[in-house]
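A.B. asks: output the structure for:
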Amino acid sequence: MPTDQASMTPPATPAVAPSMPQRLTTAIHHAIGTHEPNRRYAPHARVMSCFCAVLWSRFLRFDPASPEWPDRDRFVVSSPRYRVLPRIMAELSGQAPLPPRVGDHPAPPHDRQACGPSGQGLGAAIGMALAEQTLAARFGRSLVNHRIWGLGCWTELSTGVALESAALAGQMGLDRVTLVVGLWTSEREAVDAILPRYSASGWSVRKVDADSPEQIAAAITSSQRTHKPCLIACIASPEIDPPPPFVDDPGLWAGAARRGASARRSWLRRLLKDRQKAEFERMAHNQRPAFWQPDWQRSWREHGSAIARVAPTFAARRGLETLHELLPELTCLRSRRGMLADLPTNRRNGGETDLSCGTQVHGMAALLNGIAMHDGLLAAGTSTIIAVDRMRPALRYAAMTDLQVIYLLTDDDLLSGDGAAGDQPVEQLASLRAMPNVAVFRPADHRETMECMELALRRTSGPSLLTLESAPALAAAGAPEREQHGLTNLCARGGYVLAEAEGARQVTLVATGHEAILALAARKLLKDAGVAAAVVSLPCWELFAAQKMTYRAAVLGTAPRIGIEAASGFGWERWLGTDGLFVGIDGFGTVATPDQPDSTTDITPERICRDALRLVRPLSDTLPEPAGGNGAPPGMTSVDVSV
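C.D. replies: Residues are numbered from 1 along each chain as shown. Purely as a prediction, here's the structure:
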């Protein structure tokens with residue numbers, strides 16, 4: 001009897017339905033192919049798709065209906081490789097789409113994307129964790145209880161800014177930040193050489209399979225339980241098998257949306273009962289107290305006579321103490337050198353917060369960016385102007401993304417003899433003024449310092465820098481014209497007439513900072529010599545350039561102009577014209593010391609007077625020209641005598 005062939009055929013094995021994480025990962029894979037036009041970035045984004053699926057569906061604290069919820073988790077993308085993931089996750093989970101981007105740098109909200117110079121996004125994520133910790137200390141965990149997730153490329157881990165920021169995170173105990181990096185198996189050896197540095201800095205480090213939802217979930221759970229900052233390395237193998245077919249299912253993210261909405265409703269109930277509700281909402285929306293400006297002006301007016309003869313550095317320090325009382329959101333980071341270097345380490349008393357970052361100024365600057373991105377706090381940092389070279393990438397990123405960060409920098413390294421000869425930051429001011437969207441203030445005395453600090457607080461569209469000196473000053477005694485304006489903030493226009501000439505102007509002395517005081521003294525010498533001179537203070541070039549041409553012409557006048565600044569003359573031709581004269585430091589020379597008081601960097605009233613006479617009188621009637629080099633910009637005379 002013939003055997004039934006059909007009966008011998010084994011039954012077909014039923015297809016195993018993909019799990020929920022696999023379905024979510026497949027949806028992200030499909031969206032990457034649709035949204036990422038760069039083929040070089042698409043494979044790297046797919047490496048992190050499983051991690052994003054697990055994080056968004058099970059752990060991330062967010063409500064799609066309220067993407068600006070103050071207590072949401074922040075998700076920061078540092079590398080352009082993963083720039084498409086925030087937009088994809090926002091669309092898949094039902095959040096509002098990202099705002100239109102400008103070039104390669106996105107508009108807010110900053111908790112979604114922070115692609116910039118390598119490592120800056122990771123440093124910003126750590127700064128957000130510091131902001132979260134600071135707000136939680138003020139309002140409690142009932143109102144502030146979220147985490148920061150930073151996604152970056154493994155190559156960013158070895159950048160100086162990432163290593164410095166990681167060391168600061170370990171030092172400050174920022175246990176609410178988790179950094180995640182993706183890599184291929186072929187790159188594992190290089191990563192294994194970097195990860196021990198983070199472990200030594202106090203981080204919890206884990207390595208997981210990038211395609212294993214179980215390992216990823218275990219690592220995320222561990223990061224939430226540990227009391228250290230965490231680093232997760234997701235290791236992926238090259239793609240071999242084609243991805244499973246994509247089936248559109250709008251209900252994939254419904255569970256995550258319900259979880260987030262429930263968490264937000266519970267948070268709102270706690271907020272309504274909290275006695276600090278009004279203060280929390282004010283700070284969360286980056287609003288300042290109602291009467292902080294009148295209180296600020298009244299404070300420095302009351303203390304004006306006591307600090308009239310002090311240096312701008314001391315005036316700024318006194319101003320910070322006042323601002324800590326008026327603005328509890330002010331958070332100040334400081335380096336080992338600078339105006340706050342002698343304060344106790346990591347001082348936190350009530351609303352007053354000063355945190356020491358030691359010599360890690362690049363990491364400090366990145367943390368300041370993260371504090372500004374987080375919302376709720378006002379970021380400020382103190383250091384020296386020579387440290388700008390190390391902070392420049394973070395400063396540039398703040399300017400590109402319109403972050404309000406205030407820097408208070410001491411710039412007397414060139415004029416003090418204690419070990420400063422190796423610094424000589426003669427070019428720093430010119431380079432900072434060349435950076436777009438950065439306001440550089442160089443106040444002359446205590447009043448200008450207070451006015452410039454107020455302007456920096458009011459400027460919310462970019463970083464502001466105040467360069468301060470330790471030399472005592474008293475500009476008001478020689479400038480009665482300024483007293484006629486009462487409490488008017490004359491620095492708000494960037495430049496103004498500090499002292500008008502007695503009679504028709506024969507020369508205009510244009511100066512910034514301490515040199516404005518020297519210009520007032522030179523004005524008196526010129527008066528004795530029969531020359532009518534006016535003194536113009538120019539504390540902020542950027543604000544002065546924004547004024548109407550008629551105002552600038554009235555301030556500068558038509559008489560010959562002399563620019564005075566203890567720095568390079570690069571850029572001064574903008575205000576002096578082709579026939580102007582610059583008195584400054586266009587080279588690296590020797591620095592005055594007690595044993596050698598005469599220096600090639602000396603700028604004195606006598607020198608200014610002599611050069612002004614050379615400019616306004618026939619050459620035969622003036623003193624001989626001193627020996628020295630000519631480092632003035634093209635088309636402008638220089639009387640600098642530096643080496």
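A.B. asks: now do the contacts for L24.
C.D. replies: With Cβ atoms under 8 Å, 6 or more residues apart in numbering as the criterion, the residues that contact L24 are 53-54, 56-57, 252-253. C-beta: built from backbone N, CA, C; applies to glycine.
A.B. asks: so which of these belong to helices?
C.D. replies: 53-54 (DSSP state H).
A.B. asks: any chance of the contacts of L24 in JSON lines, plus distance to E91 and pLDDT?
C.D. replies: Output for the contacts of L24, formatted as JSON lines (distance: Cβ to Cβ, whole Å; pLDDT from 0 to 100):
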{"residue": "A53", "distance to E91": "14", "pLDDT": "92"}
{"residue": "V54", "distance to E91": "18", "pLDDT": "93"}
{"residue": "W56", "distance to E91": "12", "pLDDT": "90"}
{"residue": "S57", "distance to E91": "15", "pLDDT": "89"}
{"residue": "L252", "distance to E91": "12", "pLDDT": "77"}
{"residue": "W253", "distance to E91": "10", "pLDDT": "79"}
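A.B. asks: I'd like to know which of the contacts of L24 are buried.
C.D. replies: With neighbours counted by 16 or more other Cβ atoms under 10 Å, those contain buried members at 53-54, 56-57, 252-253.
A.B. asks: can you tell me which of those residues lies nearest to Y551?
C.D. replies: Closest to Y551 out of those is W56 (53.8 Å), distances taken as Cβ to Cβ.
A.B. asks: shaky segments in the stretch 501-643 of the chain?
C.D. replies: 589-601, 618-643 (pLDDT under 70).
A.B. asks: all helices for it, in order.
C.D. replies: Taking DSSP state H, counting those that start in this stretch, the helices of the stretch 501-643 of the chain run over residues 515-528, 541-545, 549-556, 573-576, 605-616.
A.B. asks: so for E281, which of these sits nearest?
C.D. replies: Among these, helix 541-545 sits nearest to E281 (Cβ to Cβ), with 31.9 Å.
A.B. asks: dump the closest one to PDB, restricted to CA.
C.D. replies: Provided in PDB are the C-alpha atoms of helix 541-545 (Å, rounded to 0.1, in the frame of the first residue of the first chain):
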ATOM      1  CA  TRP A 541      31.900  97.700  21.200                       C
ATOM      2  CA  GLU A 542      28.900  95.500  20.200                       C
ATOM      3  CA  LEU A 543      26.400  97.800  21.800                       C
ATOM      4  CA  PHE A 544      28.000 100.900  20.500                       C
ATOM      5  CA  ALA A 545      28.000  99.500  16.900                       C
END
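A.B. asks: distance to G160 added to the contacts of L24, as a markdown table?
C.D. replies: Shown next, in a markdown table, are the contacts of L24 (distance: Cβ to Cβ, whole Å):
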| residue | distance to G160 |
| --- | --- |
| A53 | 33 |
| V54 | 31 |
| W56 | 32 |
| S57 | 36 |
| L252 | 41 |
| W253 | 39 |
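A.B. asks: list just the nearest of the contacts of L24 to L163.
C.D. replies: Out of these, the member with the shortest distance to L163 (by Cβ to Cβ) is V54, at 27.8 Å.
A.B. asks: many thanks, we can stop here.
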